[in-house]
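Asks: Curious how this folds, go ahead:
(one chain, ligands or ions: 2)
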Amino acid sequence: MPAVQSITEEILDLKRQRRAMILAHHYQDSEIQDLADAIGDSLELSRAAQKFDGDVIAFCGVVFMAETAKVLNPARTVVLPDLEAGCSLVDACPAPRVRVFRERHPDHAIVSYINTSVEVKAESDILCTSRNAVKIVNSIPAEKPILFLPDINLGNYVKQQTGRENMKIWQGSCIVHATFAARRLTSARAAHPTALVAAHPECPPDVLAMADFIGSTSAIVDWCVTTPHDEFIVMTESGVGHSLRLRAPEKNFHFVPNENCNCSECPYMRRNTLEKLRDALANLSPRIELEPELIERARLPIERMLAVR
Ligand code: 13P
Ligand code: SF4
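Replies: Residues are numbered from 1 along each chain as shown. Ligands and ions are numbered 1, 2, ... in the order given. Got it, this is the predicted structure:
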């Protein structure tokens, strides 16, 4: 009788057969992260997708990330284990409303967070991620008015960091980070009085005001690992705990539950499973399919962002 393959072996076999690369965001389940060729924040995964030269990208993240990978790799097949893996920020910012803004305010530069649909990207002048948003806004001439979309907390943080007055901010928010409450962070600090606080910029301003460090998911991981301190409260999705525990097993990391689900997991990100990843590689579906004209229009603002060093 042939030996029964574990699901991990099946995925690794399929990966070889398909000449595939597995990309995983930090918010994926740890068993998915363990199989990935690259784990990272949105910017790092965009860059990894750009450098790839195989046939298939299996993107373990959410739809807007897989769409970005497709825009940067139009000739490659991009699969996502679950097409329902959306994002509340994408939902808060429909492309027709962005088009209306553009028509009414043709003088504004539209700076879009990567957490937007590909249609919104196509309407944008330049993209940004949580890692480079301050740098991207600073790269725009000071006299040029800006619309920053769609995350209100990231937008306010960028406005504060850049001192940019002529910046309008969309009213979208992340269902995970926007519901982290300062009073829960205060309780966590009381329980762990020596811990330093690291926060993602999608958190509300009163949470960010209590942070010792603010940055993207990868920046948070790097900061906690390299800072000579042994205890941290981490205000982002608890999936980053996997890299933190692997890279700094001697340190302690605490996650604070949000008001929405009393956990700190993104319900969209966590739709992906090993079984769905295996099936996506086996069937090359669900697949990201985009019109060539849409890819062309969305690529320019992404490339402008990638060119800003
Ligand atoms: P990062 O770019 O920091 O990985 O963030 C992506 C995201 O969706 C945060 O909620
Ligand atoms: Fe979107 Fe928030 Fe989930 Fe990130 S954590 S994918 S911003 S809903």
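Asks: For N156, grab the count of nearby residues.
Replies: Residues within reach of N156, counting by other C-beta atoms under 10 Å, total 17. C-beta: built from backbone N, CA, C; applies to glycine.
Asks: ok, now S6?
Replies: Around S6 there are 10 residues (other C-beta under 10 Å).
Asks: near ligand 2, which residues of the stretch 1-150 of the chain show up?
Replies: Contact residues (C-beta under 6 Å from any ligand atom) of the stretch 1-150 of the chain with ligand 2: 62, 87-89, 115.
Asks: As JSON lines, those with pLDDT, distance to N262 and neighbour count would be great.
Replies: JSON lines is the format used below for these (pLDDT from 0 to 100; distance: C-beta to C-beta, whole Å; neighbours: other C-beta atoms under 10 Å):
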{"residue": "V62", "pLDDT": "98", "distance to N262": "22", "neighbour count": "26"}
{"residue": "C87", "pLDDT": "98", "distance to N262": "20", "neighbour count": "24"}
{"residue": "S88", "pLDDT": "98", "distance to N262": "17", "neighbour count": "21"}
{"residue": "L89", "pLDDT": "98", "distance to N262": "21", "neighbour count": "27"}
{"residue": "N115", "pLDDT": "98", "distance to N262": "23", "neighbour count": "25"}
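Asks: all strands for the chain, in order.
Replies: With DSSP state E as the criterion, the chain has strands at 20-25, 38-40, 56-60, 77-79, 109-113, 126-128, 146-149, 167-169, 196-199, 213-214, 231-235, 252-255.
Asks: of the ones you listed, which approaches R184 most closely?
Replies: Smallest distance to R184 across the strands of the chain (C-beta to C-beta): 9.6 Å, for strand 231-235.
Asks: hmm, the closest one in reach of ligand 1?
Replies: No. Counting by C-beta under 6 Å from any ligand atom, no contacts exist between strand 231-235 and ligand 1, the nearest distance being 11.2 Å.
Asks: got a list of what P301 touches?
Replies: By C-beta atoms under 8 Å, 6 or more residues apart in numbering, the contact list for P301 reads 112, 121-122, 124-127.
Asks: can we see that at 10 Å?
Replies: P301 makes contacts with 71, 110-112, 116, 120-128, as judged by C-beta atoms under 10 Å, 6 or more residues apart in numbering.
Asks: Quick check: it vs N166, distance?
Replies: Separation of P301 from N166 (C-beta to C-beta, to the nearest Å): 20 Å.
Asks: same thing with F232?
Replies: From F232 to N166 the distance is 36 Å (C-beta to C-beta).
Asks: now A20, nearest residue through space, not along the chain?
Replies: Spatial nearest neighbour of A20, chain neighbours left out: V56 (3.8 Å); criterion: C-beta to C-beta, 6 or more residues apart in numbering.
Asks: Give me the neighbour count for the one you found.
Replies: 23.
Asks: Dump the strands of the chain to a markdown table, plus mean pLDDT.
Replies: What follows is those, written out as a markdown table (pLDDT from 0 to 100):
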| stretch | mean pLDDT |
| --- | --- |
| strand 20-25 | 97 |
| strand 38-40 | 96 |
| strand 56-60 | 97 |
| strand 77-79 | 97 |
| strand 109-113 | 98 |
| strand 126-128 | 98 |
| strand 146-149 | 98 |
| strand 167-169 | 98 |
| strand 196-199 | 98 |
| strand 213-214 | 98 |
| strand 231-235 | 98 |
| strand 252-255 | 98 |
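Asks: which one of those has the most crowded surroundings?
Replies: strand 56-60 (a mean of 28; mean count of other C-beta atoms under 10 Å).
Asks: Which other helices and strands does it contact?
Replies: Counting contacts by 3 or more C-beta pairs under 10 Å, 6 or more residues apart in numbering; DSSP states H and E, strand 56-60 is packed against helix 7-18, strand 20-25, helix 30-35, helix 42-51, helix 63-72, strand 77-79, helix 274-283.
Asks: let's see it at 6 Å
Replies: strand 20-25, helix 63-72, strand 77-79 (3 or more C-beta pairs under 6 Å, 6 or more residues apart in numbering; DSSP states H and E).
Asks: L23 against L45, yeah?
Replies: Yes. Taking contacts as C-beta atoms under 6 Å, L23 lies within contact range of L45: 5.1 Å.
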